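> below is the sequence, then the predicted model.
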Amino acid sequence: MSSPRVAKGLNANLENFELTDVMQLITQQVKCGVLNVEGSNGSCSWSFNEGSLVDFDCNFPGHVLDLKNILQQSGIINDKSLILLHETENLSSAHALEKALVKNNFCNREELEKTNLRRLIESFIITLQWTKGRYKFIPTSEVKNHAFLAPQDANFIILEALRQIDEMAVMKKRLQPLERIYESTLALTRDESLGVEDNLFQEGLKDQFDLDEFEVYKLLDGRRSLNEILESSITGQFHTCCTILDFLDRNIIAPISVDSRKPFERGRNRNLSGIALLILSCALLISTYLAINPINNSKVTGNPTLFSAIIENLKADQQKLQQQTRKLLQINNTYEDRELKGSLVDDGKL
């Protein structure tokens with residue numbers, strides 16, 4: 001016997017009835033309809049056909065879950081290709097865009113199905129963590145299936161989302177604080193005039209990444225915090241956490257510190273230090289040359305300069321050394337004379 005609550009529809013707050021319980025009730029009653037959820041961080045709707053998840057639509061401003069944005073960030077489409085598609089195809093909805101992309105060979109069915117399944121699970125990960133919000137289930141007689149998403153067991157999607165939420169909590173503890181900023185170790189030493197992809201090709205790193213890893217790698221630019229990367233990654237929060245931890249284990253990325261935040265400035269400071277040493281060396285060479293050539297040096301007139309001061313100091317030191325040498329020679333000669341006279345007295349010659 002059907003539950004009267006499902007037959008008439010459900011409309012309540014998440015504080016009173018958890019979203020997982022609502023979905024289990026829908027699947028157990030094998031109902032058709034649309035479940036809408038609204039919260040302060042966005043909204044989402046899931047379509048059910050005989051208890052199975054067959055379609056979804058989501059709007060989370062703080063996360064990249066819009067299909068067009070995902071395809072643009074991954075490089076499958078760009079603004080130019082979208083303009084061309086608009087001229088030749090009817091792109092009035094997201095489903096129409098997907099059909100046009102497959103029709104015009106921008107991507108294939110398998111790639112879209114994989115992307116949509118990930119988006120579906122991510123929509124559950126986000127909404128299942130809401131503690132405040134409102135949901136509403138509207139029963140319908142028939143719901144159309146998504147053209148590029150196979151019908152999914154709602155219980156499986158729920159369990160998979162909960163598993164990822166639990167494991168992600170453990171990974172986020174390892175990554176604390178989430179405000180920390182990371183940068184690739186390659187970027188710390190790369191030429192600023194080169195792009196990310198140029199360096200990857202140059203160092204052979206891109207061949208070591210799969211597509212998902214490469215998408216996360218591009219976000220580790222030394223400006224975004226971990227929180228921002230998790231929200232803006234098109235691979236989803238769970239897979240992004242896994243990738244970042246893997247990068248840390250492989251020493252592909254490193255946290256930004258005072259010493260590594262601005263490698264370009266460090267290099268510039270090193271260059272300035274080298275220039276200063278070069279100038280000082282030249283000054284010493286010039287002063288030595290002028291000291292060796294006193295005739296030319298005597299022609300220098302005007303106010304004292306750094307070089308003239310260095311020369312005067314060198315001369316003064318040289319004069320002191322000469323005076324000390326003369327005194328030592330005089331003392332040595334006096335001592336030798338005394339020794340000689342003493343030996344002659346002893347021999348009876350004096």
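Looks like it arrived, so ask away. Remember, it's a predicted structure, so these values are computed and weren't measured experimentally.
> which residue sits closest to residue 181 in space, ignoring its chain neighbours?
residue 256 (4.5 Å; Cβ to Cβ, 6 or more residues apart in numbering). Heads up, the C-betas are built off the backbone N, CA and C, glycines and all.
> hmm, residue 222 and that neighbour touching each other?
Yes - if you go by Cβ atoms under 8 Å, residue 256 and residue 222 touch, sitting 5.8 Å apart.
> who touches both of these two?
Residues touching both residue 256 and residue 222 (Cβ atoms under 8 Å, 6 or more residues apart in numbering): 181-183.
> of these, buried ones?
181-183 (16 or more other Cβ atoms under 10 Å).
> buried stuff in the strand or helix carrying residue 83?
Per DSSP states H and E: residue 83 is located in helix 79-88. Buried residues in helix 79-88, defined by neighbour count with 16+ other Cβ under 10 Å: 82, 85.
> what sits up against it?
With Cβ under 8 Å, 6+ apart, helix 79-88 has contacts from 68, 72, 77, 91, 97, 100-101, 104, 106.
> which pair of these spans the longest distance?
Farthest apart among the contacts of helix 79-88 by Cβ to Cβ are 72 and 104. That separation is 15.5 Å.
> these two - which one has more neighbours?
residue 72 (17 against 14; other Cβ atoms under 10 Å).
> and that one, how close does it get to residue 211?
Residue 72 sits at a distance of 15 Å from residue 211 (criterion: Cβ to Cβ, to the nearest Å).
> same question, residue 27
Between residue 27 and residue 211 the distance is 33 Å, computed by Cβ to Cβ.
> same thing with residue 61?
In terms of Cβ to Cβ, residue 61 sits 25 Å off from residue 211.
> tally of neighbours for residue 235?
For residue 235, the count of nearby residues is 22 (other Cβ under 10 Å).
> I meant residue 316, not that one.
Residue 316: 10 surrounding residues under other Cβ under 10 Å.
> before we move on, what about residue 244?
Neighbours of residue 244 under the rule other Cβ under 10 Å: 25.
> point out the other helices and strands that the strand or helix carrying it packs with.
Element membership for residue 244 (DSSP H and E) is helix 237-249. For helix 237-249, the packing partners by 3 or more Cβ pairs under 8 Å, 6 or more residues apart in numbering; DSSP states H and E come out as helix 109-127, helix 154-174, helix 211-219, helix 226-232.
> can you put these in a markdown table and add distance to residue 54 and mean pLDDT?
Output for the helices and strands packed on helix 237-249, formatted as a markdown table (distance: least, Cβ to Cβ, whole Å; pLDDT from 0 to 100):
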| stretch | distance to residue 54 | mean pLDDT |
| --- | --- | --- |
| helix 109-127 | 10 | 92 |
| helix 154-174 | 10 | 94 |
| helix 211-219 | 26 | 87 |
| helix 226-232 | 28 | 90 |
